[in-house]
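**Q** Coordinates for the following, if possible.
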Amino acid sequence: MGTEDLLLHIQQKDSKRTGVLLIIPAYNEAENIARVVEEVQPYGVDYDYVVINDGSVDDTESILMGIKGNHITLPINLGIGGAMQTGYRYAFDKGYDIAVQLDGDGQHDVGQVSKLIGQIEAGADIAIGSRFIEKKGFQSSVARRTGIRILSWLIHFCTGIRIIDSTSGFRAVNRHYIEVFSKYYPQDYPEPESIVFAAMHGAQITETPVVMREREAGKSSIVLWKSAYYMIKVCLAIVLCKMAGKRKEIIIEKGTMY
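**A** Numbers count the residues shown, from 1 in each chain. As a prediction, this is how the structure comes out:
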């Protein structure tokens, strides 16, 4: 089933069709999404945005309709990978030069988007916002920080690239990787795997310090019992991504990977 077949509802405003697009994935974020959109709207001169409502079963959709938020609603929950690929497809089709992931739980500060954009404008393909470089703001739990260190070590082992905050969803990509990720993007919890995939294909990846906030309301989709499963699956995915990297590169160059 293609992305077009999954779009149940699209409500969109007039777009600049160039520049920067904030992609905001949201699953059951009824308690947060209005505040996130309200925070983004004053930056409308600089950035466009689209919320990807990933098959939420709470009031996320009705809230977005009520505030007339620019959004795409998927009829089923695809997970963060499917939601972001939908956003990248939207960004590619609309001709945006830079796409920035801004999570729908309110943890990412739109005021710091300019830091990521600056890295892209300086020549990076992908810019990742790291909460651990300056160690300011919300630092996550000890268990999650340990898991992130393991993933960062594995990414370095597989690619030679050191990324401190390997699970950060606060990131920007340039036009080329908008196109690449519109055709292929890892599923489930894709942040570490997408770093490996991009690194295997020669991407220049940078990391810049940002301050993140603790979730104010709602619950994270990653609960304790999923943590071991998450670590095993992501570690295997990283290794498999390295093994399959050359094959995927050929497919993308031929323009046939969807």
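**Q** contacts, neighbours, all on C-alpha from now
**A** Will do.
**Q** which of the residues in stretch 40-57 are buried?
**A** 40, 47-56 (16 or more other Cα atoms under 10 Å).
**Q** One more: stretch 179-189?
**A** Neighbour counts over stretch 179-189 (16+ other Cα under 10 Å) mark 179-187, 189 as buried.
**Q** In terms of distance to residue 210, which of the residues you listed ranks first?
**A** Proximity of the buried residues of stretch 179-189 to residue 210 (Cα to Cα) peaks at residue 189, which lies at 20.9 Å.
**Q** Verify the contact between that closest one and residue 82 for me.
**A** No - using Cα atoms under 8 Å, residue 189 and residue 82 do not qualify as a contacting pair, with a distance of 10.0 Å.
**Q** what about the nearest residue to residue 179 once chain neighbours are set aside, neighbour count?
**A** Leaving aside its sequence neighbours, residue 179 sits nearest to residue 92 (Cα to Cα, 6 or more residues apart in numbering; 5.8 Å). Using other Cα atoms under 10 Å, residue 92 has 24 other residues around it.
**Q** Look up the pLDDT of residue 92 for me, please.
**A** Residue 92 carries a pLDDT value of 97.
**Q** Run through the residues that contact it.
**A** 175, 178-179, 182 (Cα atoms under 8 Å, 6 or more residues apart in numbering).
**Q** so where's this structure uncertain?
**A** Scanning the chain for pLDDT under 70 picks out the ranges 1-18, 137-141, 215-227, 241-242, 244-258.
**Q** try 80 this time
**A** Within the chain, the segments meeting pLDDT under 80 span 1-18, 135, 137-145, 188-189, 215-258.
**Q** Now do the helices in it.
**A** Taking DSSP state H to define them, one finds helices in the chain at 3-6, 33-40, 60-66, 79-94, 113-121, 142-159, 175-183, 191-200, 227-254.
**Q** ok, the residue nearest to residue 179 to residue 175 distance?
**A** Plainly put, residue 92 is 8 Å away from residue 175 if you go by Cα to Cα, to the nearest Å.
**Q** does the most centrally placed residue in the chain have beta-bridge partners, and which?
**A** Centroid-nearest residue in the chain: residue 101, 4.2 Å away (criterion: Cα atoms, centre = their mean). Residue 101 has the following beta-bridge partners by DSSP bridges: residue 23, residue 171.
**Q** what two of the buried residues of stretch 179-189 are the furthest from one another?
**A** Taking Cα to Cα, no two of those sit farther apart than 179 and 189, at 19.9 Å.
**Q** Quick check: the closest residue to residue 102 other than its chain neighbours vs residue 153, distance?
**A** Leaving out its chain neighbours, the residue that sits closest to residue 102 by Cα to Cα, 6+ apart is residue 24, at 5.0 Å. In this view, residue 24 and residue 153 are 28 Å apart by Cα to Cα.
**Q** Which of those two has more residues huddled nearby?
**A** residue 24 (24 against 18).
**Q** dump the residue contacts of that one.
**A** By Cα under 8 Å, 6+ apart, the residues touching residue 24 are 49-52, 101-104.
**Q** same thing with residue 181?
**A** 85, 88-89.
**Q** I'd like to know how far the closest residue to residue 89 other than its chain neighbours sits from residue 83.
**A** Ranked by Cα to Cα, 6+ apart and with sequence neighbours excluded, the top spatial neighbour of residue 89 is residue 182, at 4.4 Å. Computed as Cα to Cα, the residue 182 to residue 83 distance reads 11 Å.
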